[in-house]
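> below is the structure, and that's it, no one-letter string:
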């Protein structure tokens, strides 16, 4: 018997790392037509994508790849002259999706994060096998993990081991 | 030989309809579902199962559960495991076990000869013997006979797991107090984890005749467990030992029957808001001569085997005790049809109900003791005497001795949590006193041995734990407890019976064969502290960590030394409470993922091209060299070097550490972090910089480019990526939060294919691009952004090889496409990929420094002849003051130099010390890098040498493990000294 879970690489999405004083980030995000989530670690969705608040002065914008160039250009314009840094990190991260009834059991092997306190539509940077990674909870049985792209092969192999999916039993 | 059956009727924990076959020492037996290996062996008449650690004496089952240190066996098979206690190993179909510490067999063991040496191998003998002529003569023999079982030879089929967990209340122990606490906490809505180390929950209730609200102990346990299991907020772990209580209410649990079934073991690290320690108590022995013989058992263990497993541990018993609890066993023996030859009580006065129970025995001796046990591989009788006289009054035939010296609360976890202990004179045991962390202790673990008290105590603890975290609590239900033996726990302090003759052995610690005489010897030799006594005698240092021996040892020491128990105190309790397999620490971190590794987008291409891969720092797996068919490593490296010097090579520079910096104070930041100035850089212009540690020694080097008015891209050494990020983070957010500057790590965002060599420009110009690569349009140390082969790129003109070089960066998703496009376009120019080895040779030829070689943590820029990189105008930068102070005080500094071995084909070993004369023993420097240069057709080297710049043309010697190799000191550059080639 293995864990009842499906683990697979996610299709690429645009990731923009936004840092700066909260008020400055707010003005940039308002220019995009959205806002900075008030609650820590929460996700705010708007037409074009989602904003994950991952720190007091830090958020990650996620959107479809089709919007990449226009979003980067718009953010470049909006952040000119303000102390806000918008950096495209689409290629710096690899997303891995975990779905299934045993997702939390497997995740509890991967991260020391208190998963009971991570609610739906919440995201936070934490440790994934001791390495930095972003965890997003969509629902009780659906999570996404974003790790440094260079570690993706290692992390996927190790996740499959945790889920006992690395061999035929 | 026929197998004797010791089964009787009853047995609450076994399922007679499910027979199980198993093997022990090559012989086949059967047992039942629910049996432990110990109960099944006992049922089959096996009572001699192992040999003791030092004297190889026959040993049997001395206790039950984790207190039974004697029943250690090796489990063979797919998941062979050494040093497993038969008393806690569940019987499973096909289980194969064998005795340990015996050769060639259990029955005939060569090691028994050690008994003849026993007078000269008391405690601490190895501090006084095996020294002449030297220890190493005896070492192989002693190592061979030491230890118990054998480490596994193969990786188990099933896996080890490791997980993190959080809860409101963690309860350790599922005896009566633990289960009560579980009820209270779970009913309040708390998230509860209940961990118990036995195969079934219930603790002492399983072998108790008590009733709770009219239900038997087992029935009550079943009902409680059903309620707990039905609660989704409760996680119940059985056969799971909490072995460590660490800081922050962090408890580590070893699960030996985890789910799913493909897991062999799981280590669960739990952080709890409240911990309830309901770990119960161990019965302790009374120590007397030959108390280690098979057939001498703790009284409660005898009750457990009779009631739970329907096994008669013997046919004719003697009970020896100093307290009331052993009288339960007298009743159990009687009901099982075991003849009770005598009850021997050290007390002169006992309660009336005790006298009544003792009447079930043939004889009842008060104020008496068991002096010795007769028999070798099995008890055949005991000798008893009164406490006053020295002679044996009577010999009694028997094959079972049930011993009870009282109860020790299991305080290990509590002590690990930092709590302090007090010695309680009423129960003659150490009990928890001062709490340190957010925990509570309940039931027998704090000396409440009475069942009614235990249940109430547990519920109160669960209630209090829930209240402390703000959860509503139900009132404690009143339970009607009827227990014939629920009278007040009455005990007289009594630890040991001294042997009549000095050669007699009365064992305090069965695990290490430590006797009473050993403790007395240690005291005579001046070891007064219990910590020293422990280490000198090894009492409490066996695999059981002294679970039943420690308190007895303290008692014997206190009595002999004439001090109180409190004065002697306890030794320090340390995790793990029980042995933990290494696999639990590893979890999924095994085989190909034992360490993290990092790949670039081109890694698979390198592998399929036959590159020899290695870990190049910061976990990156990089190509070392690309051997063609039939090529040796040296041949491949030289070919790659020649290609770069004469044509064009390509290497994967993706792992280079990279950081995007933005803000009005970016220049200020760079000026503070680097030794040189970054003022007035043009947009798209770059500069090489050196960073120092706070102590003024070189930390990192790299090139930083200006991207726009307030944006820069900083790069650093691959191996320093994480350290650089930490430094930037700390500096910007902690030391200088006043600076208007931000940074984002972008190392993995960009893939980097670097083309280098005289034909590099020609290659790039052959590819469609909107970038002008001409020398005047794209000078050295500049960058361009644009489109190249239909990909967005940033191209940087820097050089690590000393040749014309372009680092082409593109978002990592295009990295492989870029690489393969360049390989294909470069085909016409005989392009070849080059690895780290060739890069190393090329940079040595140029005299470029490398972290870990010339930069060894002791060096500053002046030592490397890089005074030009230290700004004279800046008022401050990290490490400036320390460097100035050091240079002011030090007369002699090591300088970077080149070395030309006099024999031009002789390679100086890297790391070899440099001496100034052949006979000198004082190292004045070392060889930092040494290579064969195909460009120069000879060996060359770089090194650090005291005052090296003043010693040009001097001959020095590299001392290579006694081989002396002469070399001439020269300037540290061997190729293109004016840098013309890279600036083309």
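In hand now; what should we look at? Keep in mind that what you see is a predicted model, and the values were worked out from it rather than measured.
> can we go C-alpha only for contacts and neighbour counts from here?
Noted.
> list the buried residues in the top helix by length along chain B.
Criterion DSSP state H: the longest helix present in chain B is helix B:451-468. Residues of helix B:451-468 classed as buried by neighbour count (16 or more other Cα atoms under 10 Å in any protein chain shown): B:451-466.
> and for stretch B:686-695?
B:686, B:687, B:688, B:689, B:690, B:691, B:692, B:693, B:695.
> could you give the mean pLDDT of that stretch?
The average pLDDT for stretch B:686-695 rounds to 96.
> what does chain A put close to chain B?
A:1-3, A:17, A:19-20, A:83-85, A:87-93, A:108-114, A:116, A:148-154, A:157-158, A:161-162, A:164, A:169 (Cα under 8 Å from any Cα of the partner chain).
> can I see the domain layout of chain A?
Using automatic domain parsing, the domain ranges for chain A come out as A:6-10+A:92-162, A:14-88.
> for those domains, give me CSV that also has mean pLDDT, distance to residue B:64 and mean neighbour count.
As requested, the domains of chain A are arranged in CSV below (pLDDT from 0 to 100; distance: least, Cα to Cα, whole Å; neighbours: other Cα atoms under 10 Å in any protein chain shown):
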stretch, mean pLDDT, distance to residue B:64, mean neighbour count
domain A:6-10+A:92-162, 96, 33, 19
domain A:14-88, 94, 51, 18
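> mind putting these into TSV with distance to residue B:56?
Below are the domains of chain A laid out as TSV (distance: least, Cα to Cα, whole Å):
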stretch	distance to residue B:56
domain A:6-10+A:92-162	43
domain A:14-88	62
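> and the closest residue to chain A within the stretch 101-250 of chain B, what are its bridge partners?
Closest to chain A within the stretch 101-250 of chain B is residue B:163: 4.0 Å, counting by Cα to the nearest Cα. Partner residues in beta bridges with residue B:163, using DSSP bridges, are residue B:268.
> tell me the SS of residue B:885?
Of the three states, residue B:885 takes helix under DSSP: H, G, I helix; E, B strand; the rest coil.
> and it, what pLDDT?
Reported pLDDT for residue B:885: 93.
> roughly how far does it sit from chain A?
37 Å (Cα to the nearest Cα, to the nearest Å).
> quick one: that residue from residue B:693, how far?
14 Å (Cα to Cα, to the nearest Å).
> next: residue B:925.
22 Å.
> and stretch B:732-741, how far from the chain's centre?
From the chain centre to the centre of stretch B:732-741 is a distance of 39 Å (Cα atoms, centre = their mean, to the nearest Å).
> quick one, what contacts residue B:480?
By Cα atoms under 8 Å, 6 or more residues apart in numbering or on different chains, the residues touching residue B:480 are B:211, B:212, B:213, B:214.
> all helices for chain A, in order.
Using DSSP H, helices in chain A cover A:22-32, A:68-78, A:103-110, A:152-162.
> how about residue 97, nearest residue that isn't a chain neighbour?
Using chain A here. residue A:144 (4.4 Å; Cα to Cα, 6 or more residues apart in numbering or on different chains).
> meant chain B actually
Nearest to residue B:97 is residue B:75, by Cα to Cα, 6+ apart, at 4.4 Å.
> partners of the helix or strand harbouring that neighbour in the sheet?
Assessed by DSSP states H and E, residue B:75 sits inside strand B:72-76. Take DSSP bridges as the rule and strand B:72-76 pairs in its sheet with strand B:81-85 (antiparallel), strand B:95-99 (antiparallel).
> check the offset of the last one from the chain's centre.
In this case it means strand B:95-99. 27 Å.
> what sits up against the helix or strand just after that strand?
Once strand B:95-99 ends, the next helix or strand along the chain (criterion: DSSP H and E) is helix B:135-145. By Cα under 8 Å, 6+ apart, the list of residues contacting helix B:135-145 from outside reads B:101, B:130.
> avg pLDDT for helix B:135-145?
86.
> for that helix, buried residues please.
In helix B:135-145, counting by 16+ other Cα under 10 Å, buried: nothing.
> isn't residue B:863 right up against residue B:897?
No - if you go by Cα atoms under 8 Å, residue B:863 and residue B:897 don't touch, sitting 9.7 Å apart.
> quick one: pLDDT of residue B:486?
62.
> ditto for residue B:390
Residue B:390 is given a pLDDT of 69.
> same question for the one 10 residues further on.
At residue B:400, the pLDDT value in this model is 98.
> what separation do you get for it and residue B:370?
Taken as Cα to Cα, the span from residue B:400 to residue B:370 is 13 Å.
> next one: residue B:315
From residue B:315 to residue B:370 the distance is 19 Å (Cα to Cα).
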